[in-house]
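Colleague: quick one: sequence plus predicted model below, questions after.
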Amino acid sequence: MTGDAFRPGPAGPGGLGDRAVPAGAAPILDQPFDSGTLYALRAAVQAHASQAGMPADRAGDMVLALHELAANAIRHGAGRGRLRMWRVAGALSCEVLDGSAPDPDGRAGPGGPVKDPWPALDGHGLWLVRQVADRLELLSGPAVPGPWSPSPCRRETIDWWNPYGGTAYVRTGEGGRLAQHRCRCSRFPGQ
Amino acid sequence: MTVSAETVITDLGADDHACLTFGEREELLDLTAAFARDGLVAGLRVMLVTQAPGQAVTRLARRGMAAEAAVADGQLAVTDGQDGLLAGSAFSAGHAMGWLRDQLALSLRKGHAGLRVALDMGWALQPMTGIEELPALEEMIAAAVGGAGLSALCAYDRDRFDPVTLASVTPWHSHSVAAPTYHADPVLRICRQYVPPGIRLAGELDFVAAESLAVALGEAIRMEGDVTVNMAALRFIDRSCARMVIDAARSLGEDRAVVLVCHPEVRGVFAHLDAASLPRLSLVTADDW
């Protein structure tokens, strides 16, 4: 998967970069979701977090963060998504894939109209995710192999800032609508 | 989305024999508290038959009732029923009804307008001889109310009593009570709360149930006085629903306060949203409530 990683949020534990998921690693959880199965998604995350030895309050933070990312995919994306989780060097790394399809109008090219896939009226819970996650990345890029992977899309640069008041915004750069939006949230047990 | 309700607990009179089938302990506590409160206000002597008599008065006091004073005055009595309703380790409908008649007579002699008894029927789940007479007791109570100054609320845990038992006892009641319900499915339940006034949520709440939450909060705002949002049995709330609760609290007038009773797993979300900084809003952990 390629894509430009945005500037990470508040400082977390050092050396996060070396906890990347090894290529081809099998996820310990790979679960599609929609509005009718969010409760099942939360239960699965809770179970894996507890099984990995995460304290109850941290597991709760993880459930909340991943729920917010999944909710974004449902409310502002394709209405469904997919969550994958890996256990990497003592950490849990999770990926929420938004199944948005490419814009059929193909608003492409520099200088073309920019359309935010996630209108930033209320931060979409990303601010809250940043409060509880050790690391958050928003990435766009080619499709991930899977039962319903959308076709590859354009690469987009994503700026991220956290203005006064704690409201977070995600804004696309030039180049049109994101066809695939992926959020990775990592949480490290015991920290 | 419709709001469903059976008989409202606050509509029960001095001669009613009502049945409550509850799913959560909070539902039992709230409706029993409302039943007791209204009985005390009406000048009745109130008796609570409960499995945890030592905690009952404290729980009522936490909900804002002057329970200790009522006990001291002799208007409120709490018992587990072992030395009255039950005949030792056996059950007899005749013995139990005789005890209730004695309690009614005592109430009248003391100058009260009558007796209001709230029975948590959990004692009937214990193995004991004679328990097959339970429907007969309900039949006797039904015959005794009506002009005698006796009213009763019989509470059955619908998750622990089998459907056959419930079907055999419920027909003897004049009313079936439940809190008005805004949302009920296996994941989430949102109900009216009476003592203290507000709403009660149990299960898990996310944006999918936002419409139901909005209706519940709207009705809570329209009540008079302070509002309690009881989330003691709510294990999950997402950001958008927590924001709805906070926004509802903000919309109340300056003379009204809001209390959020939170399960520990939910309190953190409100803390992240800095709910405690709002004036007239209190965050209370369920263990302390």
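Modeller: Happy to help now that I have it.

Colleague: have a look at chain B and report its longest strand.
Modeller: Determined from DSSP state E, the single longest strand within chain B is strand B:227-237.

Colleague: where does pLDDT dip in chain B?
Modeller: Applying pLDDT under 70 to chain B flags the ranges B:1-5, B:288-289.

Colleague: near chain A, which residues of it show up?
Modeller: B:187, B:204, B:206-208, B:236, B:238-240, B:243, B:265, B:268-269, B:272-273 (C-beta under 8 Å from any C-beta of the partner chain). In this view, the C-beta of every residue, glycine as well, is placed from N, C-alpha and C.

Colleague: any idea how many residues pack against the nearest residue to residue B:33 once chain neighbours are set aside?
Modeller: Sequence neighbours aside, residue B:195 is the residue nearest to residue B:33 in space, at 3.8 Å (criterion: C-beta to C-beta, 6 or more residues apart in numbering or on different chains). By other C-beta atoms under 10 Å in any protein chain shown, 23 other residues sit near residue B:195.

Colleague: what's residue B:195 in contact with, if anything?
Modeller: B:30, B:33-34, B:37, B:60, B:63-65 (C-beta atoms under 8 Å, 6 or more residues apart in numbering or on different chains).

Colleague: from these, list the buried ones, please.
Modeller: Neighbour-count burial (16 or more other C-beta atoms under 10 Å in any protein chain shown) applied to the contacts of residue B:195 gives B:30, B:33-34, B:37, B:60, B:63, B:65.

Colleague: possible to save the residues you listed as TSV with secondary structure?
Modeller: As requested, the buried ones among the contacts of residue B:195 are arranged in TSV below (DSSP: H, G, I helix; E, B strand; the rest coil):
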residue	secondary structure
B:30	helix
B:33	helix
B:34	helix
B:37	helix
B:60	helix
B:63	coil
B:65	coil
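
Colleague: what's the closest of those residues to residue B:221?
Modeller: residue B:30 (19.0 Å; C-beta to C-beta).

Colleague: so that closest one touches residue B:178, yeah?
Modeller: No: with contact defined as C-beta atoms under 8 Å, residue B:30 does not reach residue B:178; the gap is 10.9 Å.

Colleague: circling back to that earlier point, can you redo the buried ones among the contacts of residue B:195 as a markdown table with distance to residue B:14?
Modeller: Output for the buried ones among the contacts of residue B:195, formatted as a markdown table (distance: C-beta to C-beta, whole Å):
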| residue | distance to residue B:14 |
| --- | --- |
| B:30 | 21 |
| B:33 | 18 |
| B:34 | 15 |
| B:37 | 14 |
| B:60 | 20 |
| B:63 | 23 |
| B:65 | 19 |
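
Colleague: can you give me the helices for chain B?
Modeller: B:25-41, B:53-62, B:67-73, B:93-109, B:134-144, B:163-169, B:210-222, B:239-250, B:264-272 (DSSP state H).

Colleague: before we move on, which element is residue A:30 in?
Modeller: Here residue A:30, judged by DSSP states H and E, is contained in strand A:29-34.
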